[in-house]
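> make a model of this:
(chains A, B, C and D)
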There are 4 protein chains.
Amino acid sequence: MTELDVATLQRRLVAFAAARNWEPYHTPKNLVAALSVEASELVEIFQWLTPEESARVMDDPKRAPRVRDEVADVLAYLLQLCDVLGVDVLAALDAKIDRNEGRFPVPE
Amino acid sequence: MTELDVATLQRRLVAFAAARNWEPYHTPKNLVAALSVEASELVEIFQWLTPEESARVMDDPKRAPRVRDEVADVLAYLLQLCDVLGVDVLAALDAKIDRNEGRFPVPE
Amino acid sequence: MTELDVATLQRRLVAFAAARNWEPYHTPKNLVAALSVEASELVEIFQWLTPEESARVMDDPKRAPRVRDEVADVLAYLLQLCDVLGVDVLAALDAKIDRNEGRFPVPE
Amino acid sequence: MTELDVATLQRRLVAFAAARNWEPYHTPKNLVAALSVEASELVEIFQWLTPEESARVMDDPKRAPRVRDEVADVLAYLLQLCDVLGVDVLAALDAKIDRNEGRFPVPE
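The predicted model follows:
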């Protein structure tokens, strides 16, 4: 089995867009819009579900593949955005968790 | 230097929420809402910028840390969502790129 | 010609949902999610357009009806939300403009 | 009491932006982004609430004014968008309800 990692997937996405000459469209402004649209397509799957139904969504053979598809799209645009911005998204998240540990102390 | 990877960050996020008893709030429905809200906070940074200004956003000492912060938040909620859903987000993206290669052939 | 007004359209939307027994789905939480999804469908139309192309969108016979459709959907969910919340949206906007006149004085 | 109507509020918003020279920023592309950001600020208020808590949100003295503020912002950007697009939003919604009556017949 090939081990998947973020850097490899990000390179693949960048090569995919370059081969299709999509780079002129991939301004940070356009990519954040596309990211938010994909996040909303995920919301759309859940919008009329109760909390309980939402917890069982992956048991639903119609909705489960849509969910997998949309989480993939969110990650795809996030990685393409971070590529054009030159941001290391894993380092950004690591730093954010560090800061949040200070902001939200564990209750005793 | 510690090598950062998605699985480690995801475990750290899950432990962080568990230590603060936030799990009851972390239904898939609530997490997709939170993810879309964070994606919109990223859009907010760019909403009045021209395409050219958006391309230089990381040179702006006020906006650059906000961008890093919001991409971290998007990834944080995406990983927490995938944890509660039992979805492997890297595998989902890998499969999606495979499918897109069929859907969007490279122009000759 | 019938004069259209917000109150009449709002009553029509509420009656429409009631006749179909959709009220249990129309919690404020679900309606704000639906509203944000419709706003994103509007963003989707514009996401890859330049500012100049976006200014000419209503000249495009494919996009123009989609735009009209999505602005209608945004207003529909906004009015249904305000109905369940008991909020007078026109009064809320009027009050907001008054406050903004204080916050953003006209430059001399 | 002054009777509030959409056309008057829309004219007031347009004059407000013109007096501050904000028109260059008000491309359709930017206005739909701003609209979606405001819709998400509304989602943010509700994201961790249960359906039951969401139904009582206007009884909460902290959240109620935020809700009124955000619904006003959504309507403000929707009306400014429709102004630059030359779309009559009330007519668009009226036509949409007509179409929906055909698409979703009342169950007998």
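
> all helices for chain A, in order.
Using DSSP state H, the helices of chain A run over A:6-19, A:28-46, A:51-55, A:63-85, A:89-103.

> deepest-packed of the ones you listed, please.
helix A:28-46 (a mean of 26; mean count of other C-beta atoms under 10 Å in any protein chain shown). From N, CA and C alone the C-beta is placed, and that goes for glycine too.

> ok, that one near chain D or not?
Yes - Helix A:28-46 comes into contact with chain D (C-beta under 8 Å from any C-beta of the partner chain), by way of A:33, A:36, A:40.

> how far off centre is that helix?
A distance of 9 Å separates the C-alpha centroid of helix A:28-46 from that of its chain, computed with C-alpha atoms, centre = their mean, to the nearest Å.

> name the nearest of the residues of helix A:28-46 next to chain D relative to chain C.
A:Ser40 (3.5 Å; C-beta to the nearest C-beta).

> leaving out the residues flanking it, which one is nearest to the most centrally placed residue in chain A?
Centroid-nearest residue in chain A: A:Leu75, 2.6 Å away (criterion: C-alpha atoms, centre = their mean). Spatial nearest neighbour of A:Leu75, chain neighbours left out: B:Leu93 (5.0 Å); criterion: C-beta to C-beta, 6 or more residues apart in numbering or on different chains.

> measure that neighbour to C:Lys62 for me?
Noted for B:Leu93: a distance of 30 Å to C:Lys62, by C-beta to C-beta, to the nearest Å.

> phi, psi of A:Thr27?
The phi/psi pair for A:Thr27 (degrees, to the nearest 10) reads phi -70, psi 160.

> count the neighbours of it for me.
23 (other C-beta atoms under 10 Å in any protein chain shown).

> for A:Val14, list the residues it contacts.
Residues counted as contacts of A:Val14 (C-beta atoms under 8 Å, 6 or more residues apart in numbering or on different chains) are A:80, A:83.

> check the gap between it and A:Ala76 for me.
In terms of C-beta to C-beta, A:Val14 sits 11 Å off from A:Ala76.

> same thing with A:Gln47?
Noted for A:Gln47: a distance of 22 Å to A:Ala76, by C-beta to C-beta.

> same thing with A:Ala7?
A:Ala7 sits 14 Å away from A:Ala76, going by C-beta to C-beta.

> with A:Glu38 instead?
Going from A:Glu38 to A:Ala76 by C-beta to C-beta gives 8 Å.

> now A:Glu23
15 Å.

> ok, A:Pro105 next?
For A:Pro105, the distance to A:Ala76 - C-beta to C-beta - is 35 Å.

> can you pull the contacts of A:Arg66?
A:Ile45.

> before we move on, what about A:Leu90?
A:6, B:4-6, B:9, B:75.

> now pLDDT and distance to C:Ile97 too, for those, in a markdown table please.
Listed next are the contacts of A:Leu90 as a markdown table, based on pLDDT from 0 to 100; distance: C-beta to C-beta, whole Å:
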| residue | pLDDT | distance to C:Ile97 |
| --- | --- | --- |
| A:Val6 | 96 | 46 |
| B:Leu4 | 88 | 48 |
| B:Asp5 | 93 | 50 |
| B:Val6 | 96 | 46 |
| B:Leu9 | 97 | 44 |
| B:Leu75 | 98 | 38 |
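
> which members of those residues are the farthest-apart pair?
B:Asp5 and B:Leu75 (12.5 Å; C-beta to C-beta).

> which stretches of chain A have low pLDDT?
A:1-2 (pLDDT under 70).

> at 80 what do you get?
A:1-3, A:108 (pLDDT under 80).

> around chain C, which positions in it sit nearby?
Residues of chain A lying near chain C (C-beta under 8 Å from any C-beta): A:25, A:30, A:33-34, A:36-37, A:39-41, A:43-44, A:46-48.

> from those, which is closest to B:Val57?
Checking those one by one against B:Val57 (C-beta to C-beta), the nearest turns out to be A:Asn30, at 12.7 Å.

> so that closest one sits against C:Pro51, correct?
No - contact criterion C-beta atoms under 8 Å: A:Asn30 and C:Pro51 do not qualify, at 11.1 Å.

> mind listing the shared neighbours of those two?
With C-beta under 8 Å, 6+ apart as the test, A:Asn30 and C:Pro51 both reach B:Pro51.

> go through the contacts of A:Leu90 and name the one nearest C:Arg68.
B:Leu75 (35.9 Å).

> contacts only, for that closest one.
A:78, A:89-90, A:92-93, B:9.

> one more pass at 10 Å, please.
A:6, A:74-75, A:78-79, A:82, A:89-90, A:92-93, A:96, B:6, B:9-10, B:13, B:35, B:38, B:89 (C-beta atoms under 10 Å, 6 or more residues apart in numbering or on different chains).

> before we move on, back to that, turn the residues of helix A:28-46 next to chain D into a markdown table, columns for distance to D:Arg66.
Converted to a markdown table, the residues of helix A:28-46 next to chain D look like this (distance: C-beta to C-beta, whole Å):
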| residue | distance to D:Arg66 |
| --- | --- |
| A:Ala33 | 25 |
| A:Ser36 | 21 |
| A:Ser40 | 21 |
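
> give me the subset of these touching chain B.
Among those, the ones lying near chain B by C-beta under 10 Å from any C-beta of the partner chain are A:33, A:36, A:40.

> residue contacts, A:Ala39?
Per C-beta under 10 Å, 6+ apart, neighbours of A:Ala39: A:70-71, A:73-74, A:77-78, B:32-40, B:42-43, B:74, B:77-78, C:36-37, C:40, D:40.
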